[in-house]
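Student: Here you go, sequence then predicted model.
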2 protein chains.
Amino acid sequence: MSIASDLIRGHTETIILANLMLKDSYGYEINKAIQQKTENQYELKEATLYTAFRRLEDAGSINSYWGDETTGARRRYYTISKAGRENFQRLKAEWQIAKTLIDKLITEEEINHE
Amino acid sequence: MSIASDLIRGHTETIILANLMLKDSYGYEINKAIQQKTENQYELKEATLYTAFRRLEDAGSINSYWGDETTGARRRYYTISKAGRENFQRLKAEWQIAKTLIDKLITEEEINHE
DNA sequence: AATATATACCTTGACAGACGAAGTATCTAT
DNA sequence: ATAGATACTTCGTCTGTCAAGGTATATATT
């Protein structure tokens, strides 16, 4: 993996919520989706993923239930709550602001005083 | 301050280096520049700023010297080294990649399979 | 039958960066 | 005198990440 995770840090929850906006999903599937979307440039480490689920659930952004798999390993599915959807929109908006801010801050140009 | 610092985390060093690309500077001035550039939407906390200086100096990206102020508080100036300039370019490039990646990851759209 | 690989989840402990809080010191304005 | 701006420093805490370990089921290979 090439991208420093400190650059993604702080986006973990947003990324998870984004994956739950369309449909319920579970850890393994979400992580596979991330790898696909980024063409293997990024993946969430399992420990990071599952601790983020805990945080999101404690905060009321998501709810979980066990899937009824009759075969294969059991899956814990997550649903995004109303609060979670609002939270997601807020996080997305913050990202837009942060993006502009960082772009501004790493530009090695003089500020235009007049 | 409005922006979650976890979103800026990982950019502290890049931001400092960007400020040193044009001219030598010191902590207080760099922080003022950041506040100006972002119209007070962001500032580095002192402890964050000064520990970042230590890291950058230990890594050989910057060097420091005491200013020869005859008045006012003493200032520790920092110069960016050749390695620091290269480091900065690398960090900037990483940011471009991370930006695209994050945008992709927080989009609540289905991946287009065909 | 044994082994490897993929699927799927979980916990513990360590680490690194951010930061609140506190301190030191100089100069200017009230 | 006092407050506020300038300027730097150190200590201790918190939070998110992650390496390392574990559990369990199903399929493919040897």
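Tutor: Nice, thanks for sending it over.

Student: does chain B sit close to the longest helix along chain A?
Tutor: Across chain A, the helix with the greatest residue count (assigned by DSSP state H) is helix A:82-105. Yes. Judged by C-beta under 8 Å from any C-beta of the partner chain, helix A:82-105 comes into contact with chain B at A:88, A:91-92, A:94-95, A:97-99, A:101-102, A:104-105. For glycine as for every other residue, the C-beta is placed from the backbone atoms N, C-alpha and C.

Student: So which of those residues is the closest to A:T79?
Tutor: Nearest to A:T79 among the residues of helix A:82-105 next to chain B is A:F88, at 13.0 Å by C-beta to C-beta.

Student: Without its sequence neighbours, what residue ends up closest to the closest one?
Tutor: Distances taken as C-beta to C-beta, 6 or more residues apart in numbering or on different chains put A:L17 closest to A:F88, at 4.1 Å, once the chain neighbours are dropped.

Student: Distance of the one you found relative to A:S25?
Tutor: For A:L17, the distance to A:S25 equals 11 Å [C-beta to C-beta, to the nearest Å].

Student: Then A:Y50?
Tutor: In this structure, A:Y50 and A:S25 are 14 Å apart, going by C-beta to C-beta.

Student: which one of these two has more residues nearby?
Tutor: Between A:Y50 and A:S25, counted using other C-beta atoms under 10 Å in any protein chain shown, the more crowded position is A:S25 (19 against 12).

Student: DNA strand C contacts on chain A?
Tutor: Contact residues (C-beta under 7 Å from any atom of the strand) of chain A with DNA strand C: A:6, A:26-29, A:32, A:46-47, A:50-51, A:53-54, A:72-77.
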